[in-house]
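**Q** Next input, structure requested:
(chains A and B)
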Amino acid sequence: RKEVEQDPGPFNVPEGATVAFNCTYSNSASQSFFWYRQDCRKEPKLLMSVYSSGNEDGRFTAQLNRASQYISLLIRDSKLSDSATYLCSRGAGSYQLTFGKGTKLSVIP
Amino acid sequence: EAGVTQFPSHSVIEKGQTVTLRCDPISGHDNLYWYRRVMGKEIKFLLHFVKESKQDESGMPNNRFLAERTGGTYSTLKVQPAELEDSGVYFCASSQGHYNEQFFGPGTRLTVL
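**A** So this is what the prediction gives:
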């Protein structure tokens, strides 16, 4: 089992829709989690940090379930500009980040 | 405030040649990380500096890769000699503290022919 697994998608959703991505991890010692978004041929940009049970920032909500070892990202009222690949990552004691392959989102007009 | 910068943005070299990538972290960030994304795979950790010291180099593929961070400022990653499988995008990231968020540079796209 990979350390961080994500559904690769693509998720094609209409503008205004709500979409949710799940990410599972295998290392129970993971202490911190991050969602990054990556546009085509660009660097990952930090979207949200998740240290406890969850975090909310505007239209974006991240939730952490340590018992089931998954985190989720919910995007409400999708915009065209939300189209990107969303990367789930976890940090552990050594401080390196372990990434999933990413989930591709396309928001359609 | 300037973000993480990397140079060059692209590099095309032949197998057996040497390439040196450079990363300038965000000013004041003691932690500097190198990652690599090979086509079709996830981004993978290579190594971590705290100031000028290598904290963790467990992700370095082999001894053809040498990273340095003299003076605890910018870092270089040298690949010598380059092999075909070294092709990919090399990202650098920096953070203030160990648990703080990591901010990524634009990456260097390396192609080995």
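
**Q** Neighbouring strands - and their directions - for the worst-scoring helix or strand of chain B on mean pLDDT?
**A** The helix or strand with the lowest mean pLDDT-type score in chain B, counting by mean pLDDT, DSSP states H and E, is strand B:53-56 (a mean of 92). Here strand B:53-56 has these sheet partners by DSSP bridges: strand B:43-50 (antiparallel).

**Q** Give me the residues contacting the partner strand.
**A** A:44, A:87, A:94-99, B:30-38, B:54-61, B:65, B:67, B:69, B:72, B:75, B:77, B:90-91 (Cβ atoms under 8 Å, 6 or more residues apart in numbering or on different chains). In this view, the C-beta of every residue, glycine as well, is placed from N, C-alpha and C.

**Q** Filter the residues you listed down to just the ones in strands.
**A** A:87, A:97-99, B:31-37, B:54-56, B:65, B:67, B:75, B:77, B:90-91 (DSSP state E).

**Q** Are any of the residues you listed buried, and if so which?
**A** A:87, A:97-99, B:31-37, B:55-56, B:65, B:67, B:75, B:77, B:90-91 (16 or more other Cβ atoms under 10 Å in any protein chain shown).

**Q** quick one on the thing from earlier: chain center to the least confident helix or strand of chain B, what's the gap?
**A** For strand B:53-56, the gap between its own C-alpha mean and the chain's C-alpha mean amounts to 13 Å (Cα atoms, centre = their mean, to the nearest Å).

**Q** what's the answer for stretch B:46-53, then?
**A** For stretch B:46-53, the distance from its own C-alpha centre to the chain's C-alpha centre is 10 Å (Cα atoms, centre = their mean).

**Q** swap in stretch A:61-73?
**A** Taking Cα atoms, centre = their mean, the mean C-alpha location of stretch A:61-73 is offset from the chain mean by 10 Å.

**Q** What of stretch A:33-49?
**A** Offset of stretch A:33-49 from its chain centre (Cα atoms, centre = their mean): 8 Å.

**Q** which of the residues in that stretch are buried?
**A** Taking 16+ other Cβ under 10 Å as the basis for neighbour counts, the residues of stretch A:33-49 that come out buried are A:Phe33, A:Phe34, A:Trp35, A:Tyr36, A:Arg37, A:Gln38, A:Glu43, A:Pro44, A:Leu46, A:Leu47, A:Met48, A:Ser49.

**Q** so A:Val4 touches A:Phe99, yeah?
**A** Yes: A:Val4 sits in contact with A:Phe99 when judged by Cβ atoms under 8 Å, with a separation of 6.1 Å.

**Q** and the gap between A:Lys101 and B:Arg37?
**A** Using Cβ to Cβ, to the nearest Å, we find A:Lys101 at a distance of 10 Å from B:Arg37.

**Q** ok, now B:Ile26?
**A** With distances taken as Cβ to Cβ, B:Ile26 is found 21 Å from B:Arg37.

**Q** go on, B:Leu66?
**A** Between B:Leu66 and B:Arg37 the distance is 20 Å, computed by Cβ to Cβ.

**Q** Kindly report the same for A:Val50.
**A** Relative to B:Arg37, A:Val50 is positioned 22 Å away (Cβ to Cβ).

**Q** residues touching B:Leu110, list them.
**A** For B:Leu110, the contacting residues are B:His10, B:Ser11, B:Ile13, B:Val19, B:Leu21, B:Val79, B:Ala82, B:Asp86, B:Ser87, B:Gly88, B:Val89, B:Tyr90, taking Cβ under 8 Å, 6+ apart as the criterion.
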